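# Okay, structure incoming, though there's no sequence with it:
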């Protein structure tokens, strides 16, 4: 996947976590907040070319390899 596409993928994933947090009327959203923080850092790392591969195991397993083409 090209770097720009990987950043877009991560931003979309982060947006979905934020929507999930907003949709939770009250309760424990600590796990969701941690996911958002991790994704925010990963977005920065991918943009800065410090990361060339990453993977997620949930909700569906996916492994992304980044190319600079």
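Noted; the coordinates are in hand. Keep in mind the model is a prediction, meaning the values are calculated, not measured. Numbering: from 1, shown residues only.
# Other residues contacting the longest helix belonging to the chain?
Using DSSP state H, we find that the single longest helix of the chain is helix 3-23. The contact list for helix 3-23 (Cβ atoms under 8 Å, 6 or more residues apart in numbering) reads 1, 29, 32-33, 35-36, 39-40, 42-43, 46-47, 49, 54, 56, 64, 66-68. Using the backbone N, CA and C atoms, a C-beta is placed for each residue, glycine as well.
# now do stretch 35-48
Identification of contacts with stretch 35-48 by Cβ under 8 Å, 6+ apart yields 3, 6-7, 10-11, 13-14, 17-18, 21, 51, 54, 66.
# Quick one: buried ones out of these?
3, 6-7, 10, 13-14, 17, 51, 54, 66 (16 or more other Cβ atoms under 10 Å).
# List the buried residues for the helix or strand following the longest helix of the chain?
The first helix or strand that comes after helix 3-23 along the chain, using DSSP states H and E, is helix 30-47. Across helix 30-47, burial judged by 16+ other Cβ under 10 Å covers 32, 35-36, 39, 42-43, 46.
# next one: stretch 59-69
Neighbour-count burial for stretch 59-69 [16+ other Cβ under 10 Å]: 64, 66.
# Report the angle between the longest helix of the chain and helix 30-47.
Angle between the axes of helix 3-23 and helix 30-47 is 160 degrees (criterion: axes from the mean of the first three to the mean of the last three Cα atoms, to 10 degrees).
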